[in-house]
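Trainee: Sequence plus the predicted model coming up.
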Amino acid sequence: MPKRQRSSIPHMTSGGSTNPSGEPNIDGWLRPCVMGCLLAVQLGCYIATLHPSVPGGDSGELISVAHVGGVPHPPGYPLYTMIVHGFTTVVPFGSPAFRANLFSAICASGAGLLLHCTAVELTGSVASGIFAVAVFNFSRLQWLYAITGEVFALNNLLVTFLIYNVVQYHKIPSVWRGCHVAFISGLALSNQHTAILFIVIIAPWVLYRSSSTGVLSWPTVVLLTFSGLAGLMPYAYVPWSAHRNIAPLTWGDQRTLSGFFIHLLRREYGTFDLAKGGREAVSFWRALQAHLLSLASETFYVCPLLSVAGILLPPRRRGMKQVHVILAICLAFYIAFFNWRANLDLSNRLLAGVQERFWMQPNLCFALFAALGFSQLLDRFLSAPRRQFVGLFLATALLSAQVSKNFNALDESSNFFVRDFGESLLGGLPPNSILLTMGDLPGNAARYLQKCEGFRTDVRVIDLEMMTMDWYLPMTGWTFPGVVFPSKIQRYSFGPEFFDMKKFFDANIDNFDIFVYENLNPEDTSWVADFEVWRHGVTRAIKRKGTRLNASAWLASALPATPNHTLPDPVKYDDRTWEYVVYESAIASGVHLAMFFESRAAAASTPQEKIALYTAAATVYQSLFSQSVFDGHRLPFWHKNAGLASYNLVTLTQDKKHLSEMKRHWQAYLDSNPDDPQIKDITAIIRAPS
């Protein structure tokens, strides 16, 4: 009998044999041990640094909507929504936000294991697998979203699983493995649409590979098609949820086919854009440069350098050339298409932080190419007996360096800042108020606390921007009992068939206290002649013009509504983060309240009114200087303003108590060495005889 021929596909066997590259084979016991250690280290790091409550950005909306069974913002993320709903229901400990964050940590750890396995398949080296995990899973960007309730950790898991199955399909083309690729592609698209930028390259290659190996046939095409459609089945959840219309939080009206496709294709944002708006200020090359610089800085510059080697040098492992080419095309296509279409203003650091989330998917390919480059350098410069041990040492050292660099910087285990912000926002409002919000932070923080933790459910939180959309009030108006939307077509817009803010205020001001977080629509000035705003904590109250302001009563209501929680560290949380927005809001709210009283005092007609209002302003400043949460965060101009309030009280009352307060604050202001043209006047006043 002729001898059996060895397979041409590289295979690692247990024991003391060698693999095709001549290295000692370590698949038998070391590879499972490495995988177990990687899983333990990833989960340990992620859980130790996990967000304990609701993070900023979209997380509050995604977690809240999943909790109540609604539909999130386009394109709907049905897979994530259903899984998180089930996960947060089954897990018996922690808040709903903590459970959703924990789910992300599990997904990220699973993605790390699959990335390791894929790198080992491509290189035949366990050390290269560790290296890939070190540069991707322990980078700042990926770690940040591994501990946050967002769709990106699940996207990383599914895309990595897709790449792993592409490698397996290339090794052993079969209908079954092809169906795996198609099904996972559908699942990935049910979670995050950026997966399409890989799938449009992978799908034709699967058909080509099937044809060249004799697997392709019409029944095969049918099976592949049905497998892909099966992966897309989670999208049936979207119209199902819309037709039920019992979720108190939802986005869009998917009860019709056109409504479903508007949501699926993100037409409210722009199908291929990240956000509404033009592209005039967006540079392709600037976006690409920002991505590559971020990748370099987060991996000690080794990832982009070794990626170049991994891309340019042909793979040394037999049978992997096609996979190498497919991954390179996926990477190039994603970078080219995404940076062409990404239209966020990168000069705004917060928006830049939003855009960088979408760099994780191509960074998976960069990590694999870096692992290939790492393996090739070891092969070229070290002999077989030494390269395993040197490779393991270097990869483990890089992983340790990444953990050392990022653990403390990304430790969010005591981060309750967004939740605290939401409590300040809702907690200071009178019962059964209306709160008008605009933007992600206030709306998502408030709705999370209401729908997931049952806090201040009496407040009607209405989104000003969503109120301009056709679906918002027809789908969610029932969640605002008693609120009147006074128009034939229930939508906030201009024109006789719609309502503007004046009509809305007129219809509701006698039945509700109405508050707005920060700003109303600047284009709508319909209300300005009849209404005004009074500062109240972090919000502003809507009042009819001519309403008498009782300074002491308003102070008693508004001052407790200012934040009194621990402030985020503005050094750790820079202006790319939502925590920085929380910080700025907390710092500004008390000062704005004091300045509101001061402006009203300046316009008051009687000395008694002026004294009452300046006294209220001085009381607010006294509160700001006495609260320990502001230690280290007070700004020099606070002293100037507090001194000015006391100066006005001295002028009105001749009370020496106010004189001493004025001198104390103004001296503290002078000690800060400000660049202020009024320094001479202030100095002269505090040095004048009493």
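Mentor: Nice, thanks for sending it over. Just so we're clear, the structure is a prediction, and the values are computed from it rather than from any experiment.
Trainee: Apart from its chain neighbours, what residue comes closest to Y517?
Mentor: Spatial nearest neighbour of Y517, chain neighbours left out: P442 (4.3 Å); criterion: C-beta to C-beta, 6 or more residues apart in numbering. The C-beta positions use only the backbone N, C-alpha and C, and glycine is treated the same way.
Trainee: State the distance from L613 to L232.
Mentor: Between L613 and L232 the computed distance is 62 Å (C-beta to C-beta, to the nearest Å).
Trainee: Tell me which of these two has more neighbours.
Mentor: When neighbours are counted by other C-beta atoms under 10 Å, L613 and L232 differ, and L613 comes out ahead with 26 against 17.
Trainee: quick one: which helix or strand includes that one?
Mentor: Using DSSP states H and E, L613 sits in helix 607-626.
Trainee: downstream neighbour of that helix in the secondary structure list?
Mentor: helix 636-653.
Trainee: now for the next helix or strand after that following helix, which elements pack on it?
Mentor: Next helix or strand after helix 636-653 toward the C-terminus (DSSP H and E): helix 656-671. Secondary-structure packing of helix 656-671 (3 or more C-beta pairs under 8 Å, 6 or more residues apart in numbering; DSSP states H and E): helix 607-626, helix 636-653, helix 679-687.
Trainee: so can I have a markdown table of those helices showing distance to V65 and mean pLDDT?
Mentor: Conversion of these to a markdown table gives the following (distance: least, C-beta to C-beta, whole Å; pLDDT from 0 to 100):
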| stretch | distance to V65 | mean pLDDT |
| --- | --- | --- |
| helix 607-626 | 37 | 96 |
| helix 636-653 | 40 | 95 |
| helix 679-687 | 53 | 91 |
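Trainee: Now do the contacts for the nearest residue to L249 once chain neighbours are set aside.
Mentor: Spatial nearest neighbour of L249, excluding adjacent residues (C-beta to C-beta, 6+ apart): G70 at 4.5 Å. By C-beta atoms under 8 Å, 6 or more residues apart in numbering, the contact set of G70 is 81, 241, 247-251.
Trainee: What helices and strands are in contact with the longest helix anywhere in the chain?
Mentor: Of all segments of type helix in the chain, defined using DSSP state H, the longest is helix 96-123. Helix 96-123 sits against helix 30-48, helix 59-68, helix 78-90, helix 126-136, helix 140-146, helix 152-171, helix 360-381, helix 440-453, with contacts defined as 3+ C-beta pairs under 8 Å, 6+ apart.
Trainee: so for the third one, what's the average pLDDT?
Mentor: Predicted confidence along helix 78-90 averages 97 (mean pLDDT).
Trainee: Now do that helix against helix 59-68, angle only.
Mentor: 70 degrees (axes from the mean of the first three to the mean of the last three C-alpha atoms, to 10 degrees).
Trainee: What residues sit buried inside helix 78-90?
Mentor: The neighbour-count check on helix 78-90 (16 or more other C-beta atoms under 10 Å) flags 78-85, 87-88 as buried.
Trainee: For whichever strand or helix holds N339, give me every contacting residue.
Mentor: Element membership for N339, per DSSP H and E: helix 321-341. Contacts of helix 321-341 with the rest of the structure, by C-beta under 8 Å, 6+ apart, involve 122, 163, 166-167, 170, 194, 197-198, 200-202, 205, 209, 272-274, 284, 287-288, 291, 311, 314-315, 358, 361-362, 365-366, 368-369, 372.
Trainee: Tell me the gap between it and the middle of its chain.
Mentor: 25 Å (C-alpha atoms, centre = their mean, to the nearest Å).
Trainee: now swap in stretch 311-321 and tell me
Mentor: On the basis of C-alpha atoms, centre = their mean, stretch 311-321 sits 37 Å off its chain's mean C-alpha point.
Trainee: okay, how far is it across that stretch, tip to tip?
Mentor: End-to-end distance of stretch 311-321 (C-alpha to C-alpha, to the nearest Å): 11 Å.
Trainee: Check stretch 245-256 too.
Mentor: Terminal residues of stretch 245-256 are spaced 13 Å apart (C-alpha to C-alpha).
Trainee: still on that earlier bit, what's the angle between the helix holding N339 and helix 152-171?
Mentor: 150 degrees.
Trainee: residues of helix 321-341 that come out buried?
Mentor: 323-324, 326-331, 334-335, 338-339, 341.
Trainee: likewise stretch 648-660?
Mentor: With burial defined by 16+ other C-beta under 10 Å, the residues of stretch 648-660 counted as buried are 648-650, 652-653, 658-659.
Trainee: what's that stretch in contact with?
Mentor: With C-beta under 8 Å, 6+ apart, stretch 648-660 has contacts from 598, 601, 607, 610-611, 614-615, 618, 646-647, 662, 690.
Trainee: And for stretch 176-187?
Mentor: 79, 158, 161-162, 165-166, 168-169, 195, 199, 202-203, 206, 210, 215, 220, 223-225, 227-234.
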